[in-house]
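Enquirer: got a predicted model here, sequence first, then my questions.
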Amino acid sequence: MIGQTASVDAILNITDYVAQVREEQALAKVREEQALAKLKVEQAQALVREFSINCSALEHRIVLLQDELRRGQKQLTVKTRTAAVLCNRFLVESGLHRRHPGLPLSSAYSKFRTKLVAGKGLTQRGATLLKNITRQSGMKVKAKDVVNDLNALIHQLSSVIHYPKLVSRGFVCGGHPPLGIAVAMAVCDLQVWVNSDFDNAESPVCWSLVHPEAEGHISQTVAVIDGDDKLVATMTGGLVGSPPQR
């Protein structure tokens, strides 16, 4: 409080002091805000650098996996010239990597699965595939059981490559239903080369019928076996046909 007897100079000095204090407080607040903004920028830049490093590592890992798949495909292709090779995981994974290059396997399968499964049921595309495979193979299965296996297919595939005692040669998929049928459905759909238009289609239209020069994401003809290792169907270019002749 300033007394009534205070001089004009004293009043001016106090006013100047108050103004100076307020100015210093304002400048201090500005400096604090600038420091905080700088810290946030530095943190954001650090996150960008970390993200860039992680992306580079992921890209390198994807390249290594693609190289590994190519080598595995070459080795298995040579083996199929003399024996029947049951390789469910290899066929599905190699097809997914070709259809969705650059995506991690789990992400690629999540995107692919939506073409066959919708909610608790099958899409029209999935239902048609199931009908074609079961009609040709004679295997009986409930659609809901196939849906359950398709939802978790990527986690249920055996990494072991089997050599069933068959007279025929080549790539083989399938096995005990419902998992064997779910695998066959995935492999059959991956045999079709899908562009943006066909990828959104409900019906399993064979892209190779429209463009014969196009090669599917799984280019090989694949035989289907049942739970007893009996040949029950053949799949080529996304079409289901009779089993190979012995």
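Expert: Cool, the structure landed.

Enquirer: what about this structure, any weak spots by pLDDT?
Expert: 1-6, 8-12, 58, 60, 62-84, 159-161, 163, 167, 194-216, 246 (pLDDT under 70).

Enquirer: 90 instead?
Expert: 1-87, 89-90, 93-94, 97-105, 154-172, 192-220, 227-229, 237, 243-246 (pLDDT under 90).

Enquirer: break the protein down into its domains, please.
Expert: 7-77, 80-241 (automatic domain parsing).

Enquirer: residues contacting whatever helix or strand residue 136 lives in, please?
Expert: Residue 136 is part of helix 124-137 when elements are defined by DSSP states H and E. With contacts defined as Cβ atoms under 8 Å, 6 or more residues apart in numbering, helix 124-137 is touched by 115-118, 122, 139-141, 143, 146, 150, 174, 181, 184-185, 188-189, 201-204, 224, 226, 232-233, 240-242. For every residue, glycine as well, the C-beta is placed using N, CA and C.

Enquirer: among the residues you listed, name the buried ones.
Expert: With neighbours counted using 16 or more other Cβ atoms under 10 Å, those contain these buried positions: 115-118, 122, 139, 141, 143, 146, 150, 174, 181, 184-185, 188-189, 204, 224, 226, 232-233, 240.

Enquirer: this protein: helices as residue ranges?
Expert: Assigned by DSSP state H, the chain shows helices spanning 8-79, 88-99, 105-113, 124-137, 143-151, 153-156, 179-190, 196-199, 207-210.

Enquirer: right, and those helices - which one's nearest residue 170?
Expert: Nearest to residue 170 among the helices of the chain is helix 8-79 (9.4 Å), distances taken as Cβ to Cβ.

Enquirer: what's near enough to touch residue 112?
Expert: Applying Cβ under 8 Å, 6+ apart, one finds that residue 112 lies in contact with 96, 99, 100, 186, 189, 190.

Enquirer: thinking again about what came up before, just name the most buried of the helices of the chain.
Expert: Neighbour counts (mean count of other Cβ atoms under 10 Å) averaged over each of the helices of the chain peak at helix 179-190, with a mean of 27.

Enquirer: residue closest to the middle of the protein?
Expert: Centroid-nearest residue in the chain: residue 108, 1.4 Å away (criterion: Cα atoms, centre = their mean).

Enquirer: from residue 188, how far off is it?
Expert: 17 Å (Cβ to Cβ, to the nearest Å).

Enquirer: so the residue nearest to the centre of the chain is in contact with residue 96, correct?
Expert: Yes. When contacts are counted by Cβ atoms under 8 Å, residue 108 is listed as touching residue 96 (4.3 Å).
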